[in-house]
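# Sequence and computational prediction follow.
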Amino acid sequence: MESDSSIRNVMLIEDDPEVRGIVRTLLTSEGFQVEEAADGRSALERVFLTRPDLILVDLRLPGLDGAEICKRVRAGGLDTPIIVISAAREEFDRVLLLELGADDFLVKPVGARELLAGIKAVLRRTAPSTRGFCSIEVDTRRRLVTNRGVEVPLTPAEYNLLNYFLRNPNRVLTREMILESVWGFESAPTARTVDSHVVKLRQKLEPDPSVPRYFLTVHGTGYRFVE
């Protein structure tokens, strides 16, 4: 595996023993150490005890479901990357999952290449580093944003959007590009999803939100982040 394999410990939360076996075999062959759990409640206890480097969780679980696990992991202060997996027939709110703290989601049946690609992408996005602009500093490992040393509270979706802007400075980004990269799909119930989150970033991070210096609107297209 590539350098992403420096992150080794995966908590696999899946109630189907056959699926667990397949995923465990795949991940161990790629150099990961895998701990398994068949229900959400016991898995959550192990997550806080062992602090894994990645959580791979089925959306529908006995006890606590995947969405609730995301919520409780983030409420407990853990920044562990989380990938949620759901069956194609299941109805769920993708935006809500990201708001609760999921970093990505995949739909069953998931092929081996797709799963590994998803894991690598999430690990790259959450690799330890510090980025920033002006007086803003972003610790991507701890998912912590500070302004002159004072923490700026961001929702998971706001943080993911900020991180996407930081990785694409001085580039015109369409709303469709942002939705696909940050929310994981090409369309949303309303195009205002991106707009409303940009407004929130301006309110929290711009010196003067009414006259943006960093998060600029490209009229008729989308946005551009200027360092």
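Okay, I see it.
# now the helices: where do they sit in this protein?
Along the chain, the stretches classed as helices by DSSP state H are 17-29, 40-50, 66-75, 94-100, 112-125, 156-167, 175-178, 192-205.
# Mean pLDDT lowest where, among those helices?
Lowest mean pLDDT within these: helix 94-100, at a mean of 78.
# Can you give the distance of that one from its chain's centre?
Going by C-alpha atoms, centre = their mean, to the nearest Å, the spacing between the C-alpha centre of helix 94-100 and its chain's C-alpha centre is 9 Å.
# Repeat that for stretch 153-160.
A distance of 10 Å separates the C-alpha centroid of stretch 153-160 from that of its chain, computed with C-alpha atoms, centre = their mean.
# That stretch: which residues count as buried?
Of the residues in stretch 153-160, those buried under the neighbour-count criterion (16 or more other C-beta atoms under 10 Å) are 154, 156-160. (C-beta placed from N, C-alpha, C; glycine too.)
# Let me have the residues you listed in a markdown table, extended by distance to Arg213.
Listed next are these as a markdown table, based on distance: C-beta to C-beta, whole Å:
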| residue | distance to Arg213 |
| --- | --- |
| Leu154 | 18 |
| Pro156 | 25 |
| Ala157 | 22 |
| Glu158 | 18 |
| Tyr159 | 20 |
| Asn160 | 22 |
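# ok, these vs Ile178, which is closest?
Distance ranking of the buried residues of stretch 153-160 against Ile178, using C-beta to C-beta, places Asn160 first at 10.1 Å.
# Grab the nearest non-local neighbour of that closest one.
Taking C-beta to C-beta, 6 or more residues apart in numbering, and ignoring the residues beside it in sequence, Asn160 has Val182 as its nearest neighbour in space, at 5.1 Å.
# show me what contacts the most centrally placed residue in the chain?
When C-alpha atoms, centre = their mean is applied to the chain, the residue found nearest the centroid is Asp103 (1.7 Å). For Asp103, the contact set (C-beta atoms under 8 Å, 6 or more residues apart in numbering) comprises 81-83, 122, 125-126, 160.
# Just among the residues you listed, which is most surrounded?
Counting by other C-beta atoms under 10 Å, Ile82 has the largest number of neighbours within the contacts of Asp103, with 28 neighbours.
# Relative to Arg175, how far out is that one?
Taking C-beta to C-beta, to the nearest Å as the measure, Ile82 and Arg175 are separated by 25 Å.
# again, but for Val182
Computed as C-beta to C-beta, the Val182 to Arg175 distance reads 10 Å.
# Ramachandran angles for Gly77?
When quoted as degrees, to the nearest 10, the phi and psi of Gly77 stand at phi 90, psi 10.
# residues near it, how many?
Applying the criterion other C-beta under 10 Å, we find 8 residues in the vicinity of Gly77.
# Test for you: state the pLDDT assigned to it.
At Gly77 the predicted local distance difference test score is 74.
# give me every residue that touches the residue nearest to Asn160.
For Val182, the residues meeting the contact criterion (C-beta under 8 Å, 6+ apart) are 98, 157, 160-161, 164.
# quick one: Leu106 and Leu116 touch, right?
No - taking contact to mean C-beta atoms under 8 Å, the distance of 10.9 Å between Leu106 and Leu116 leaves them out of contact.
# which non-adjacent residue is nearest Leu54?
For Leu54, the spatially nearest residue (C-beta to C-beta, 6+ apart) is Val10, at 4.8 Å.
# which residues does that neighbour contact?
When the contact criterion is C-beta under 8 Å, 6+ apart, the partners of Val10 are 27, 32-35, 52-56.
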